[in-house]
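**Student:** kindly generate the corresponding structure for this input.
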Amino acid sequence: MKFISFIVPCYNEEQTINSFYKQILEVMQQIDVLYEIIFIDDGSKDSTAEIIRRLCKEDPSISFISLSRNFGKESAMFAGLEHAKGDAVIIIDADLQHPPGLIPQLVEGWQIEKYDVVYARRINREGEPILRSWFSKNFIAL
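**Tutor:** Next up, the predicted model:
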């Protein structure tokens with residue numbers, strides 16, 4: 001059976017961690033794969049780390065990396081990649097900007113279509129500041 005590692009960089013995510021976790025569980029019930037969730041706390045100043053520690057005690061599929069200070073998202077992702085055991089890795093934000101509901105489509109692209117890399121990109125940028133939309137439109141590869 002295939003095994004997926006979720007890498008979840010977190011910085012001051014106390015408001016969304018529990019919702020994120022519940023949505024991941026709901027989505028993973030639809031997919032026939034084993035998984036681990038690796039939360040990386042990137043030096044949060046709120047109770048993010050405490051919430052993740054509690055989740056670790058409740059769910060053996062969760063592991064936790066705590067960085068000593070805020071090193072940035074890229075360092076958090078690298079720490080997760082260093083510890084991931086999966087056949088595939090999904091890097092996803094805990095703030096729910098990346099909808100967990102798209103995970104089945106990503107897994108399908110990987111398992112059924114046999115793609116090496118499966119990537120999701122936002123099509124609709126409605127409500128974003130104009131400058132951010134312009135940069136996204138002009139600098140993100142299609």
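
**Student:** correct me, but L81 touches I7?
**Tutor:** Yes. Between L81 and I7 there is a contact at 6.5 Å, judged by Cβ atoms under 8 Å. Every residue, glycine included, has its C-beta placed from N, CA and C.

**Student:** which ones are touching the residue nearest the centre of the chain?
**Tutor:** When Cα atoms, centre = their mean is applied to the chain, the residue found nearest the centroid is I92 (1.9 Å). Contacts for I92 (Cβ atoms under 8 Å, 6 or more residues apart in numbering) come out as F6, I7, V8, H98, P100, I103.

**Student:** may I have the helix or strand that contains the last one as CSV, with CA atoms only?
**Tutor:** Taking DSSP states H and E as the criterion, I103 maps to helix 103-111. Taking only C-alpha atoms (Å, rounded to 0.1, in the frame of the first residue of the first chain), the coordinates of helix 103-111 have been written out as CSV:
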residue,chain,number,x,y,z
ILE,A,103,-5.9,16.0,-2.1
PRO,A,104,-7.8,13.1,-3.8
GLN,A,105,-7.2,14.7,-7.2
LEU,A,106,-3.5,15.1,-6.4
VAL,A,107,-3.2,11.5,-5.2
GLU,A,108,-5.1,10.3,-8.4
GLY,A,109,-2.6,12.2,-10.6
TRP,A,110,0.2,10.4,-8.7
GLN,A,111,-1.2,6.9,-8.5
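
**Student:** what's it packed up against?
**Tutor:** Packed against helix 103-111, as judged by 3 or more Cβ pairs under 8 Å, 6 or more residues apart in numbering; DSSP states H and E, are the following elements: helix 17-28, strand 88-91.

**Student:** the helices in this structure, which residues?
**Tutor:** 17-28, 48-58, 73-83, 103-111, 130-139 (DSSP state H).

**Student:** nearest to Y119, out of those?
**Tutor:** Nearest to Y119, of all the helices of the chain, is helix 103-111, at 8.3 Å by Cβ to Cβ.

**Student:** for the closest one, buried residues please.
**Tutor:** I103, L106, V107, G109, W110, Q111 (16 or more other Cβ atoms under 10 Å).

**Student:** make JSON lines out of these and add pLDDT and distance to M77.
**Tutor:** As requested, the buried residues of helix 103-111 are exported to JSON lines (pLDDT from 0 to 100; distance: Cβ to Cβ, whole Å):
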{"residue": "I103", "pLDDT": "94", "distance to M77": "17"}
{"residue": "L106", "pLDDT": "91", "distance to M77": "16"}
{"residue": "V107", "pLDDT": "93", "distance to M77": "19"}
{"residue": "G109", "pLDDT": "90", "distance to M77": "20"}
{"residue": "W110", "pLDDT": "90", "distance to M77": "18"}
{"residue": "Q111", "pLDDT": "88", "distance to M77": "23"}
